[in-house]
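J.: Sequence and predicted structure are below.
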Amino acid sequence: MDILTTLNSAQREAAETISGPLLILAGPGSGKTRVITHRIAYLIRVCGISPRRIMAVTFTNKAAREMEERLKKLTSGFVRELTIGTFHAICVRILRQDGGLIGINPRFVIYDREDQLSLVKTAIKEAGFDPKQYAPSVIISVISNAKSQVISTQAFIKKGSSHFEEVVGRVYEKYQRLLEQNNALDFDDLLMKTVQLFDEQPEVLDRYRKKYQHIMVDEFQDTNLVQYKLVKQLAGGYRNICVVGDPDQSIYSWRSADLRNILSFEKDYPEAKIVLLEQNYRSTKAILETASSIISANQDRKPTKLWTENEQGELITVVETYTQQEEAQYVVSEIERLLERDEVKLAEFAVMYRTNAQSRALEEAFIRYGTPYKLVAGTRFYERREVKDVIAYLRFIHNQQDSISLLRIINIPQRGIGERTLSQLKNWANSLRVSLYQALQLMANTEGDKKPPFNHRIIKVLSGFYEIIEELVAGNQKMSLVGLFDLLIKKTGYKEYLLSMIDGEERWENVLELRTVARQYDNLAPFEGLATFLEGVTLVSDVDSYDESVGAVTLITLHQAKGLEFPVVFIVGLEEGILPHIKSFDDPAQMEEERRLCYVGVTRAKKRVYLLHAFRRNLMGSSTTNSPSRFLDDIPPQLVAGGYSGLGEESQIRDKSAFWESDIPVVSMDIPELKVGDRVLHSQFGKGMVVSYHQLEGDGEVVVAFPGVGVKKLLLSFARLEKVD
DNA sequence: CGAAAGGCTCTTTTT
DNA sequence: GAGCCTTTCG
């Protein structure tokens, strides 16, 4: 019983309700995660339910990991057999295990957005259309939407009414056939095929139903129809299904998430108990009131009664700057100001924005001030070319039907296999009705008039590639993953290839980082290691690698910020056209989602909120002027420092502009000559060593490793580095 | 065949 | 401003 003593009465009720359907409507900061973890701990420790009979679905892998950590503490250990993960991760496991029954080869690879794009392009062409006339990305999103609602190709074609739908229908059909030929599934397939598996194989479903006595789903407001169906299938036996969500935080409708799932839940489970978590433990009264005033302007919602016992707290700061550069500069100088007052640490700040492009101006300001920051989406490690190349090799070694990977790697590093060679190979493979790789196999293993009609040079280069792959495939039978990795680099000459490039060093380091990731799978059996590794690298998201313990300011999109919290939050770009985004202007439902996005941002904050907007902003080269976001109008002036109520037509900021400029440190002092390996002294970070050095006009950009502090990118003119011996 | 240069189009958010 | 595609030249 002691497990639940730290919970308030509503939380406790939610945690104690273990049988039957349960809907928890949890406002921001209401201890939702606590309730879920404590509920699971209660099931295990008090009710004696085996962890193996519990499934918990989270929104990100990171959330799953954290929940597991917390549970380890609460249950003193034995959570290993718990099924916990995202819908996608859980479905992959199910399909590898049982997908064979609906014709899925367990060696399938998962196609990401980029792979999808090239496959859809092929599909469009094969269906006899022009990819320039029908944007592949649009077609992908229509197909994805269909899959999210478990609409098969046949069903799609049947219901298609417009000409466009007919086109998509035919492309959809081709696309699915291509996926099959490549033995690949896209993200949506992982979910849709699992639902199909359960539909078509009742005895398999029955096995899973019997296994999972308790199912919990977090972030339920952001589930789509296929996920809802899946939950419904699995919970069909015991009906012990607990879903947790907040309609006001639904921000993924563009990914086919459907708020109506909450209504469906109440309808499908009329006996469901509903628990409201309304006490907020996170934010000050001022912040909560600001958030409420923003969200209450939405028409299509039920009113809520969020409250907090926390103090009133600081007023909200609303700032208009002239440009986005000044906006960024304000953020950094304000952070530096608060840091000096010693109340807050670097990691306690977050800067949030609507679009990734906005991070650039921020980054530049952080670099200029030498203020450490971490960009959550920034690097997109797994989308880097060199990382994708190596993964494509590994993927192809795992599954030689994967022609998308084959086409990616066949001429990297350059082997003289160009477009013409490739089209000859394709034609020959098509005429024999075999895959590209089977064609290579035939070419290498047949003699006489069975030989392909290629000239000598082409046969030679293609054979060269084929032999490398064969050797690697053989290696995968007996080597550890890292062993295979190293063999791959050696046989392909990939390291030399990278190092011959201008930014080769950095790229090679990324490959080494990927190798470090691979090491985690090294203790698995040869074949298993590669399979698990590939699964892991395709299903990771940017937030998954986000580490809050790093001492740096967080730069993050509003979408990614969901579920996180920070003492101080800056939201930038509160402008008409940005937040709310221009794409939502003609659709009231989308506009409401923009508002929820703003609400999510504000409710991340514990102590202080800054809302910024710029008068002038550069978008795609040209400069635009935006008026302040309509969301700002909904904040009562008494909550805003200085009683902001819109600056009106005559923006005062133009006069202030000079003030901001004077705040920029002036380049005047001597700039030390530095080179890699030099030791330097920084007034704040102490002693460090120069890791890289870039000469700029009248300045220099250095990356310095400060022991115990971390790696920092600095501009010499601002960082005031001193060279030491 | 491949590197380099020039011209085009878009930009929301992502498992 | 960048990424993608096409064209051109070696």
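T.: Perfect, I can see it now.
J.: what does stretch A:82-96 contact?
T.: A:40, A:51-52, A:54-61, A:64, A:67-68, A:71, A:104, A:106, A:108, A:110, A:185, A:187, A:190-191, A:193-194, A:197, A:208, A:212, A:223, A:227, A:230, A:531, A:535, A:539 (CB atoms under 8 Å, 6 or more residues apart in numbering). No exception for glycine: its C-beta is placed from N, CA and C like everyone else's.
J.: how much space is there between residue A:200 and DNA strand B?
T.: Note on residue A:200: its distance to DNA strand B, by CB to the nearest atom of the strand, to the nearest Å, is 23 Å.
J.: let me fix that: residue A:318
T.: When distances are taken as CB to the nearest atom of the strand, residue A:318 and DNA strand B turn out to be 22 Å apart.
J.: May I see the buried residues of stretch A:339-352?
T.: With burial defined by 16 or more other CB atoms under 10 Å, the residues of stretch A:339-352 counted as buried are A:339, A:344, A:346, A:347, A:348, A:349, A:350, A:351, A:352.
J.: Only C-alpha atoms, please: export stretch A:337-344 in PDB.
T.: The C-alpha atoms that make up stretch A:337-344 are tabulated as PDB, following Å, rounded to 0.1, in the frame of the first residue of the first chain:
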ATOM      1  CA  ARG A 337      21.600  37.900 -17.000                       C
ATOM      2  CA  LEU A 338      19.700  35.300 -15.000                       C
ATOM      3  CA  LEU A 339      22.800  33.100 -14.900                       C
ATOM      4  CA  GLU A 340      24.700  35.900 -13.300                       C
ATOM      5  CA  ARG A 341      22.100  36.200 -10.600                       C
ATOM      6  CA  ASP A 342      22.900  32.600  -9.900                       C
ATOM      7  CA  GLU A 343      19.300  31.500  -9.500                       C
ATOM      8  CA  VAL A 344      19.100  29.200 -12.500                       C
END
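J.: to the chain's geometric centre, what's the distance from it?
T.: Taking CA atoms, centre = their mean, to the nearest Å, one finds stretch A:337-344 lying 31 Å from the centre of the chain it belongs to.
J.: try stretch A:7-24
T.: Centroid separation for stretch A:7-24 versus its chain: 30 Å, with CA atoms, centre = their mean.
J.: Okay, and which of the buried residues of stretch A:339-352 map to helices?
T.: Among these, the members falling in helices are residue A:339 (criterion: DSSP state H).
J.: Check pLDDT for the buried residues of stretch A:339-352 and point me to the minimum.
T.: For the buried residues of stretch A:339-352, the minimum pLDDT belongs to residue A:344; the value there is 90.
J.: contacting residues for it?
T.: Each residue near residue A:344 by CB under 8 Å, 6+ apart is listed here: A:338, A:567, A:568.
J.: so which of those is the most crowded?
T.: Comparing the contacts of residue A:344 by number of neighbours (other CB atoms under 10 Å), residue A:568 comes first, having 21 neighbours.
J.: Surely it is in a helix?
T.: No. Per DSSP: H, G, I helix; E, B strand; the rest coil, residue A:568 lies outside any helix segment and is strand.
J.: Enumerate the residues of the stretch 351-500 of chain A near DNA strand B.
T.: The stretch 351-500 of chain A comes close to DNA strand B at residues A:354-357, A:377, A:411, A:414-421, as judged by CB under 7 Å from any atom of the strand.
J.: Save these as CSV, and put in neighbour count, pLDDT and secondary structure too.
T.: Formatted as CSV, the entries for these read as follows, by neighbours: other CB atoms under 10 Å; pLDDT from 0 to 100; DSSP: H, G, I helix; E, B strand; the rest coil:
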residue, neighbour count, pLDDT, secondary structure
A:354, 24, 95, coil
A:355, 13, 92, coil
A:356, 18, 89, helix
A:357, 13, 88, helix
A:377, 16, 72, coil
A:411, 16, 89, coil
A:414, 9, 85, coil
A:415, 18, 86, coil
A:416, 13, 85, coil
A:417, 17, 87, coil
A:418, 12, 84, coil
A:419, 8, 82, helix
A:420, 9, 83, helix
A:421, 20, 85, helix
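J.: Which of these sits closest to residue A:271?
T.: Proximity of those to residue A:271, judged by CB to CB, is greatest for residue A:354, which lies at 40.9 Å.
J.: What values do phi and psi take at that closest one?
T.: Note on residue A:354: backbone dihedrals following degrees, to the nearest 10 are phi -80, psi -40.
J.: How confident is the prediction for the nearest residue to it once chain neighbours are set aside, by pLDDT?
T.: Distances taken as CB to CB, 6 or more residues apart in numbering put residue A:579 closest to residue A:354, at 4.4 Å, once the chain neighbours are dropped. pLDDT, residue A:579: 92.
J.: swap in the one 5 residues further on?
T.: Among the per-residue scores, residue A:584 holds a pLDDT of 91.
J.: Report the contact partners of the nearest residue to it once chain neighbours are set aside.
T.: Spatial nearest neighbour of residue A:584, chain neighbours left out: residue A:590 (3.8 Å); criterion: CB to CB, 6+ apart. By CB under 8 Å, 6+ apart, the contact set of residue A:590 is A:253, A:583, A:584.
J.: In the stretch 351-500 of chain A, mark out all the helices, start to finish.
T.: Taking DSSP state H, counting those that start in this stretch, the helices of the stretch 351-500 of chain A run over residues A:359-369, A:385-398, A:403-409, A:419-432, A:436-445, A:456-478, A:481-492, A:494-499.
J.: list the helices and strands the fourth one packs on?
T.: This points to helix A:419-432. Helix A:419-432 is packed against helix A:436-445, helix A:456-478, with contacts defined by 3 or more CB pairs under 8 Å, 6 or more residues apart in numbering; DSSP states H and E.
J.: Give the burial count for the closest residue to residue A:285 other than its chain neighbours, as a bare number.
T.: Taking CB to CB, 6+ apart as the measure, residue A:285 lies nearest to residue A:312, with 4.7 Å between them; neighbours along the chain are not counted. A total of 12 residues lie near residue A:312 under the criterion other CB under 10 Å.
J.: Kindly report the same for residue A:117.
T.: Counted by other CB under 10 Å, the residues lying close to residue A:117 total 17.
J.: So the residue nearest to residue A:584: helix, strand or coil?
T.: On the basis of three-state DSSP, residue A:590 is classed as helix.
J.: Flag every residue of the stretch 551-700 of chain A that's near DNA strand B.
T.: Going by CB under 7 Å from any atom of the strand, the residues of the stretch 551-700 of chain A near DNA strand B are A:557, A:559, A:560, A:581, A:583, A:584, A:590, A:619, A:620, A:621.
J.: ok now do the first one, which residues does it touch?
T.: So that's residue A:557. Contacts were defined as CB under 8 Å, 6+ apart; by that measure residue A:557 touches A:352, A:353, A:354, A:355, A:356, A:376, A:377.
J.: Please tell me how far the last one sits from residue A:606.
T.: Spelled out, it's residue A:377. Using CB to CB, to the nearest Å, we find residue A:377 at a distance of 23 Å from residue A:606.
J.: Please list the residues of the stretch 201-350 of chain A that sit near DNA strand B.
T.: Close to DNA strand B, as judged by CB under 7 Å from any atom of the strand, the stretch 201-350 of chain A has residues A:251, A:254, A:255.
J.: if I've got this straight, the second one is in a strand?
T.: No. Secondary structure of residue A:254 (three-state DSSP): helix, not part of a strand.
J.: Compare the residues of the stretch 201-350 of chain A next to DNA strand B and tell me which has the most neighbours.
T.: Among those, residue A:251 has more neighbours than the rest - 21 neighbours, counting by other CB under 10 Å.
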